[in-house]
Every structure is written in structure tokens, then in C-alpha cells.
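Chemist: No sequence on hand, only this structure:
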Ligand code: SF4
């Protein structure tokens, strides 16, 4: 996994609450058996005017000029500013894959759906929770100033605005450690093989029907 | 030991190891696998040169992409076909049990797990699908995971988890005639919102929950995720144990007795502390209909489409306005005056035998209304289908003008050929009314099976409590 330490990037404000993973990556793209290439179809139904299907040449499709991601001033954005309950709905990891493939490195929102939040960390994408009032302030600043960029520092657990205002955020120590170092979960877990085997031996004894096959 | 919640008991029984910050390595007893969220996990497993840790813990089936007609002709869409064939090949390569597309036991993962007795009380159960919360109806800890975690569970039989807070949703009293588990859970989401349960595991309790069948409890736990909670659960009781009896994967002989004794302990202790409690009165719950593009946008069938001017805050006002525009609805329209174009009875929320019986009771002796272009019934599994046919329900539906299909997810998310066209309005027994969920531009209203059948035969929403 790609480590995340510190990142400065252009911010795109997506001013909607309850953005679900169906919207982040519509289901027709879930038929892929690959892990990459979802970026051009991130927010497909909002981003394009026609109906997207797998295998289309996305560069030839008509863009929806109203959609914020398509506006010239937000091209190259890598920090997504969002509203409450971002990433709700389906557990599809294709959603963080699509956001990461599009070029996002961090998301800032007042809250996330649990599964989406968790999936982000597995893919080097940092979901930051800030209080709703703070997020609202960042929205206003992002709308007001073209080229508005934020600096996200995972080690220090801070978000810093262009004017130097700094906001702290919370993150689990274990998640932070793994993301800072780009550690792979399976590798870490397999260091506990003995504990897993001991657990299984005990449970086979206490609850043998769980292990009947 | 101090009084513990059901969630505490399930959690404690599965902890293998704990990190200093409280992140726990949790042992996973059962893993359901389907074709959409597994290919990249199997690929990762192969790239890492790893094998599944415990083959008997896995049950796989294709459900999202499978056609609901003419199965013997195979899958027409080549991309869908590749995904299903990839699942077949992966299961074959790793020696995993799969109910393949033409197996009589194939169906939606969340229907076949309980049906087979593969889902059992006291277990941890995961699947790369958010509606895995369904299985919590069996006093199990069941939740959806992403594809990286699918790979992780395959490789290690464990997951890294932070313990959630515990919420009790208590529904006391007697449900009115025609009011179902689906209406309860929609009413709960209407109350607490789609993020109300974020960070919580919800236990559903109270006399109204205990009075429900296992099917009704599954419909409720299924939609716990729509309230933002990763897991929903119901304490074990005699109904839970009766349901398990004789199922193919249920414990046998002496192990059955031992299991039952354990299952009977799977309740929250008297005096156990919850971090939040939400109480509803069963008598006050009416049949529910969603009007917008989020399950929290819901009102009783005798209500009206709300007015964004009355929204609690500016963000919600914007959401409501956008939802009304997408749904093609005007504020203050009575729900009963909204006509429907299509009706879908199915999905892991409402495609079990009891759901089909409730819908058939409404369809019986009636005809699908002229303005309804398509009314379809999609059983949750091959075995549900066979049972319904043995009871004659298929003939009730077809005589009324419904289509009777083969099992799968179907128009719940329209990954196969079953979908809404832009602008079409659907009464659906599924669990999500998001924009484009049932087809781009499609408009979804979530309801119970009886309410969906009634919308089909009247051509608009009607209050099933008024039907004879
Ligand atoms: S029926 Fe719908 S919600 Fe359930 S597993 Fe299938 S697609 Fe998901």
C-alpha cells in the first residue's frame, strides 16, 4: 500500500450530504474483475451527460458542465471536501479505488459511513473527520478562492489552510501507523499466526459444531 | 462479571488479540462470497502465494449478475458472464463450496446463508456486501466488508476491528394488521436518519421484535446498514432455535444439544448498558413509503410528500429539493396519489417465503393495473422458489399478471438486465432508493411486499390496512 505522510493539494468542494457509493461508482462498473482503472468513471452519472457503460472511451463522452468536478478551476484536485455521511450505502471497495484512481489522496467531511471509512485506509486514501462548522468554513473558503489548496499532515494530524489556520483531527493510532508506513494488513496479521491457532484450538473444544464441515 | 449486551458477548467470544489502541484481531467463523466483490481478493491471494485459511468457513454463490429468465441460455452480457465464470474458477481452484448459477440452492447470499443453516447464532459472519447485517437476526455478529478485507479473511480467518458503540432500538407493543418488519425498520430510519447508527452496532429488541418471525427480523437487520450501523442483531429465542432445526449445515446429534445450550445465552443481560437507546411504539407504526433518494426520506402511506421549506436545516433543504426534482414529485402530494410504472418484489430484504406469501395474499383474485408496465416477483433463492411453487404462489402471481422469475438480486441494483428506464417509477421491496440504483434515472419507492403488491394492482400506492 502507498504510504500517506503529508500532502498539499487543490480542493474540490462537493456540496451534498449522504453521497452514496452507488453515486461514487455506479454498479455497471463493478463488473470489472480488476482493481484499477475506475477513475474515469468516478461519479459517472453526475459527471457525464450520457449513460456510462464499461468499455466506453470516456474521453469522447459529453461532460456535465454543472458538475463541480468538471469545472476548470478544480482540475487536478486531490483533496475532496464533502458533507456528512459520505460514502454511505454499498460496501463496494470500488468507491475508494475510483477516488484514488481519479487522483484524490484525502477526503475531508464531518462524517463517513463506517465501511467506506475503513476501506479508504486499505487504499492509501486518508478520510479526515472535522466538525461540521469547520467543514462549512472550508467550503466557503474553497468556493471563494480559486486555487484553494489544503495541507494535510497525517503525522501531526493537522489540516492547514492557505492562510495558515490549522485544524487538528483524530485518527486511530493503529490505522495511522499502518498508513504512515504503508503496511499491509495481511502481513501484520500473519505475525499473529500462533494466537490465531491457539484461539481455534480453544474454540474447537468449547464450540465444536462451529468447526464441523 | 458485569452485565453484558449481546454485542459484548459476541465480540468477547471472538477476540484473538488486542493492540494497545483497542484495535482487535477478531476471528471470523463464516464467510459468504459472491461474484462482484471477490475477484480482486482472489487475485490478491494468488499474487501473495496464499491459500484460504479454512475452506469449510466459506460458501460462495453468484447473485448480483445472474439473469432471472432463460438461465439455461447462460448470461448474455459478456462482462457479467466473465465475472460469474471468474467466481466459478476461483472456487474450483481453491476448493471452496459454491452454489453455482444453475444449482437449485443458488440465491442471494443473505437468503441462502440462513436457509442452509450456514448462518448460526453466536457466530461472526462477514461478506463483501453491506447487507450482511441481515444475519444478525440470528444473534450473530454479521457485517459487510470491503474487498481488501475479503482477501484478509480468506488468508487469515481474521479481521482488524474497532469495537462499535452499542445502541438498543426497542419496539414495544403490538403491530397493526398489515404492518411488517420492513415498516418498522423504515420507521426507525425515518426517526434516526441514515447516519443515526453510524459507529454503532444496533440490537433490535422489545415485544414487537420478539413477535416477528425470523423472516421479519431478517428484513429489519438487513436495513440496519441503511441506518448507518454496520451490524444489526436480535437476541436468540425459541424462534431462532426452531428455525435452525434440521437445516443442512445446522449442528447434528449431541452437538445440537450443546449448541442450543450456548445459543440460549445469546441475549443482553438484564441491566446491560447501551450507549444509546431509541424507543418506538408498535401501535404508532403505519405502512411506510419512501418519497426521496435516501431511505430516511420516508413517510407513512397516509402522509404527503414533504415541503423542503419545512426542512430542519439548509443542507437538508438542498437535499430534499434535489430529491423531489430527481423523483419528479411536488411537495404536499398525498402518497396515495403517486402512480407507479413498475413493481419489484424481491431482494435480500424481502424475497423470502413469508414475504412472497404476504404479497400473494394481496395479489390473489386481483389484476395488475393497466398503467403498470411490469410487475415482477423474484424469489430470493432456488429453494424459496420451489417452496412458493409447492404452495401455488407462483400461479397466484401469474394469474394476476405478475412475472415469476428466477432467483437473484435482479432489479434491486440492476446489474443484470432487469432495470428501470429513465423517469420510470417503481414500488420496490428492496433496501435502497438512491439515484440510479434501479437503473439510471429510475425512481424508487421502498415499501413492504404487501404494499408493493397493492401498488401493482391499484396502479398507485394504497394503504394495505384498508384492503379486505
Ligand atoms: S439483493 Fe440487493 S441489497 Fe441484497 S445483496 Fe443483492 S444487490 Fe445487494
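Modeler: Yep, that arrived. Quick caveat: nothing in here was measured; it's all calculated off a predicted structure.
Chemist: For chain A, give me the ranges with low pLDDT.
Modeler: Scanning chain A for pLDDT under 70 picks out A:213.
Chemist: One more pass at 80, please.
Modeler: When residues are selected by pLDDT under 80, those of chain A lie in A:1, A:213.
Chemist: show me where it has helices.
Modeler: Here chain A has its helices, by DSSP state H, at A:21-24, A:44-47, A:94-102, A:114-121, A:132-144, A:173-181, A:185-189, A:193-206.
Chemist: and these as TSV, adding distance to residue B:157 and mean neighbour count?
Modeler: (Glycine included, C-beta is placed from N, CA and C.) Shown next, in TSV, are those (distance: least, C-beta to C-beta, whole Å; neighbours: other C-beta atoms under 10 Å in any protein chain shown):
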stretch	distance to residue B:157	mean neighbour count
helix A:21-24	27	24
helix A:44-47	36	21
helix A:94-102	24	25
helix A:114-121	18	26
helix A:132-144	39	16
helix A:173-181	20	17
helix A:185-189	9	18
helix A:193-206	6	13
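Chemist: right, and those - which one's nearest residue B:279?
Modeler: helix A:114-121 (23.7 Å; C-beta to C-beta).
Chemist: what angle sits between the closest one and helix A:94-102?
Modeler: Angle of helix A:114-121 versus helix A:94-102, following axes from the mean of the first three to the mean of the last three C-alpha atoms, to 10 degrees, is 40 degrees.
Chemist: Which residues does helix A:114-121 contact?
Modeler: A:21, A:86-88, A:91, A:93, A:95-96, A:107, A:112, A:126-127, A:175, A:178-179, B:130, B:143-146, B:148-149, B:164, B:198-199, B:228-230 (C-beta atoms under 8 Å, 6 or more residues apart in numbering or on different chains).
Chemist: Neighbours of the closest residue to residue A:174 other than its chain neighbours, how many?
Modeler: Spatially, and ignoring its direct neighbours in sequence, residue A:174 is nearest to residue B:23 (4.2 Å; C-beta to C-beta, 6 or more residues apart in numbering or on different chains). When neighbours are defined as other C-beta atoms under 10 Å in any protein chain shown, residue B:23 has 19 of them.
Chemist: Let me see the contact set for residue B:9.
Modeler: B:265, B:266.
Chemist: circling back to that earlier point, would a markdown table of the helices of chain A with distance to residue B:124 be doable?
Modeler: Listed next are the helices of chain A as a markdown table, based on distance: least, C-beta to C-beta, whole Å:
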| stretch | distance to residue B:124 |
| --- | --- |
| helix A:21-24 | 23 |
| helix A:44-47 | 35 |
| helix A:94-102 | 24 |
| helix A:114-121 | 16 |
| helix A:132-144 | 34 |
| helix A:173-181 | 20 |
| helix A:185-189 | 15 |
| helix A:193-206 | 11 |
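Chemist: Make JSON lines out of these and add distance to the ligand.
Modeler: Compiled in JSON lines, the helices of chain A are given as follows (distance: least, C-beta to the nearest ligand atom, whole Å):
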{"stretch": "helix A:21-24", "distance to the ligand": "10"}
{"stretch": "helix A:44-47", "distance to the ligand": "17"}
{"stretch": "helix A:94-102", "distance to the ligand": "14"}
{"stretch": "helix A:114-121", "distance to the ligand": "13"}
{"stretch": "helix A:132-144", "distance to the ligand": "29"}
{"stretch": "helix A:173-181", "distance to the ligand": "27"}
{"stretch": "helix A:185-189", "distance to the ligand": "25"}
{"stretch": "helix A:193-206", "distance to the ligand": "29"}
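Chemist: Select, out of these, the one closest to residue B:454.
Modeler: Closest to residue B:454 of the helices of chain A, according to C-beta to C-beta: helix A:21-24, at 27.3 Å.
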